[in-house]
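S.K.: Pasting the sequence and the predicted coordinates here, then a few questions.
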Amino acid sequence: MASNVDFGLWYDFRNPEPWQIDFEQFYAERLDQIVRAEGMGFDSVWLTEHHFCDDGYTPSPMVIHAAIAARTQRMRLGTNLMLLPLADPVRMAEDAATLSLISGGRFDLGVGIGYRALEFDQFDRKISHRPSLVEEGIEILRRAWSGEAVNFEGKRFTVGDLKITPKPNRAPKVLLGGMAPPAIDRAARIADGFLCTGGIGMDTYVECLKANGKSPEEGNIILGCWAIIAEDPEAEAERVGEHVLYQSNEYIRWGAFGPPDQTPLFPDARTAIENGLYELWDADQAVANLSALIEQYPQISDIHFWAQFPGESVAAGDRRMAYIAEKVLPRLR
């Protein structure tokens, strides 16, 4: 039924107080876990990027992906997502091309426009320039991987008669995330796929494909799924509650879901789970809901789940992973 859909894991590498462990140990445990996940049958691993976070939210997804590439054989590697407006697109193109070559063509580059003023200020970018920074950045990425000279002149960037080497044998797909209609339209118009957060905007994406003269069959949705999947999902939600509350409220504080001064924080874990992006599913519910999604949106090519919530132990994430691998994935495939 869903043999053409990949199922994977999503990592942010947050290591917050009061649960913090040594960062060397933290990374080692998670790299080991990703190797185990490949053995269990997970198809992909997705990393995300932020900067200047007290909890160490990773600023360097491609560095980590190089380590993952060295320790895995078949897993697809992707970013959901990297902050293209903060980057020098030529450097990002070089790193992504190198990662594609190291991994045997397993890497796809998912990007977004970002929203944290703090990050834009430090990297000397104007938040109001985000649309042009992204559109020009994507054009430069594509030219950089073509094997031809870039020769690009835009409002934000100029790249001369220069070839980016080495050229990847397989150019990464450029995937674009977003929740607001203009961002989703941009994904339909210029990207190789739409990075969807928690199911937000899939209908809009399909409509935007049509509006941009593309058939729905040309679409590609990569779904970051926030479901908590366990044998007793309510008990699991109780157990992971404080980690989930931390995750939700940090995103709200940063402005992920609108201006922070206008978006109230969740007062407790129950409210975060009921009113946030989280779903509570056992295996039967997961199979039913994911099957229905895949049927409704044949554009879906990948569904991935948080491996751990911030501050949660690898052992806790392992239990959910094993449950999904044993009870959910075989029935979906």
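M.R.: Perfect, thanks for sending it.
S.K.: contacts and neighbour counts: CA atoms only from here.
M.R.: Noted.
S.K.: Contacts made by the helix or strand containing residue 64 with the rest, please.
M.R.: Using DSSP states H and E, residue 64 sits in helix 61-71. Helix 61-71 has contacts (C-alpha atoms under 8 Å, 6 or more residues apart in numbering) with 31, 34-35, 47-49, 77, 79, 82, 95-96, 99, 102-103.
S.K.: Try it again at 7 Å.
M.R.: The contact list for helix 61-71 (C-alpha atoms under 7 Å, 6 or more residues apart in numbering) reads 31, 35, 47-49, 77, 99, 103.
S.K.: all helices for the stretch 101-250 of the chain, in order.
M.R.: 117-122, 130-144, 181-190, 202-211, 233-254 (DSSP state H, counting those that start in this stretch).
S.K.: and the helix holding residue 64, how far from the chain's centre?
M.R.: 15 Å (C-alpha atoms, centre = their mean, to the nearest Å).
S.K.: Report the backbone C-alpha coordinates of it in PDB.
M.R.: Taking C-alpha atoms only, helix 61-71 is exported to PDB below (Å, rounded to 0.1, in the frame of the first residue of the first chain):
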ATOM      1  CA  PRO A  61      23.100  19.500  10.500                       C
ATOM      2  CA  MET A  62      25.400  18.800   7.500                       C
ATOM      3  CA  VAL A  63      28.400  18.000   9.800                       C
ATOM      4  CA  ILE A  64      26.200  15.500  11.700                       C
ATOM      5  CA  HIS A  65      24.900  14.100   8.400                       C
ATOM      6  CA  ALA A  66      28.400  13.400   7.300                       C
ATOM      7  CA  ALA A  67      28.900  11.300  10.400                       C
ATOM      8  CA  ILE A  68      25.600   9.500   9.800                       C
ATOM      9  CA  ALA A  69      26.500   8.900   6.200                       C
ATOM     10  CA  ALA A  70      29.700   7.100   7.300                       C
ATOM     11  CA  ARG A  71      27.800   4.800   9.700                       C
END
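S.K.: ok, whichever helix or strand comes after it: who's next to it in the sheet?
M.R.: Next in sequence after helix 61-71, counting helices and strands by DSSP H and E, comes strand 76-79. If you go by DSSP bridges, strand 76-79 pairs up with strand 44-47 (parallel), strand 107-112 (parallel).
S.K.: Can you say which of those is nearest to residue 274?
M.R.: Counting by C-alpha to C-alpha, residue 274 lies closest to strand 44-47 out of the strands paired with strand 76-79; the figure is 25.2 Å.
S.K.: Please enumerate residues in contact with the closest one?
M.R.: 6-12, 61, 75-81.
S.K.: Among these, which one lies nearest to residue 274?
M.R.: residue 10 (21.3 Å).
S.K.: Quick one: residues contacting that closest one.
M.R.: Contacts for residue 10 (C-alpha under 7 Å, 6+ apart) come out as 45-47, 304-307.
S.K.: Can you point out the buried residues in the helix holding residue 64?
M.R.: For helix 61-71, burial by neighbour count (16 or more other C-alpha atoms under 10 Å) applies to 61-62, 65-66, 68-69, 71.
S.K.: I'd like to know which of the helices of the stretch 101-250 of the chain is closest to residue 269.
M.R.: For those, the distance to residue 269 is smallest for helix 233-254, at 4.9 Å, taking C-alpha to C-alpha.
S.K.: what about residue 152, neighbour count?
M.R.: Residues lying near residue 152 (other C-alpha atoms under 10 Å) number 15.
S.K.: so what's it bridging to?
M.R.: Beta-bridge partners, per DSSP bridges, of residue 152: residue 159.
S.K.: before we move on, the earlier item: TSV please, covering the strands paired with strand 76-79 and showing mean pLDDT and distance to residue 200.
M.R.: As requested, the strands paired with strand 76-79 are exported to TSV (pLDDT from 0 to 100; distance: least, C-alpha to C-alpha, whole Å):
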stretch	mean pLDDT	distance to residue 200
strand 44-47	99	18
strand 107-112	98	15
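S.K.: Rebuild these as TSV, extending it with distance to residue 151.
M.R.: Listed next are those as TSV, based on distance: least, C-alpha to C-alpha, whole Å:
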stretch	distance to residue 151
strand 44-47	31
strand 107-112	22
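S.K.: and the helix holding residue 64, average pLDDT?
M.R.: Helix 61-71 carries an average pLDDT of 98.
S.K.: again with stretch 17-31
M.R.: 98.
S.K.: List the buried residues in it.
M.R.: So, applying 16+ other C-alpha under 10 Å, buried residues of stretch 17-31: 20, 26, 30-31.
S.K.: Tell me the pLDDT of the residue nearest to residue 325 when sequence neighbours are not counted.
M.R.: The spatially closest residue to residue 325, leaving aside those adjacent along the chain, is residue 40, at 6.1 Å (C-alpha to C-alpha, 6 or more residues apart in numbering). If you check residue 40, the pLDDT there is 98.
S.K.: Tell me the spacing between residue 40 and residue 34.
M.R.: 10 Å (C-alpha to C-alpha, to the nearest Å).
S.K.: and these two? which has more neighbours close in?
M.R.: More crowded of residue 40 and residue 34, by other C-alpha under 10 Å: residue 34, with 23 against 15.
S.K.: Mind telling me what element that one is part of?
M.R.: According to DSSP H and E, residue 34 maps onto helix 23-40.
S.K.: Now that helix - C-alpha only, CSV.
M.R.: Extracted in CSV, the C-alpha atoms of helix 23-40 (Å, rounded to 0.1, in the frame of the first residue of the first chain):
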residue,chain,number,x,y,z
PHE,A,23,27.4,16.7,24.8
GLU,A,24,30.0,14.2,23.6
GLN,A,25,28.0,11.4,25.2
PHE,A,26,24.8,12.9,23.8
TYR,A,27,25.9,12.8,20.2
ALA,A,28,27.5,9.4,20.5
GLU,A,29,24.3,7.9,21.9
ARG,A,30,22.2,9.4,19.1
LEU,A,31,24.5,8.3,16.3
ASP,A,32,24.4,4.7,17.7
GLN,A,33,20.6,5.0,17.8
ILE,A,34,20.5,6.0,14.1
VAL,A,35,22.5,2.9,13.2
ARG,A,36,20.0,0.8,15.2
ALA,A,37,17.1,2.5,13.5
GLU,A,38,18.5,1.6,10.1
GLY,A,39,18.7,-2.0,11.3
MET,A,40,15.1,-1.8,12.4
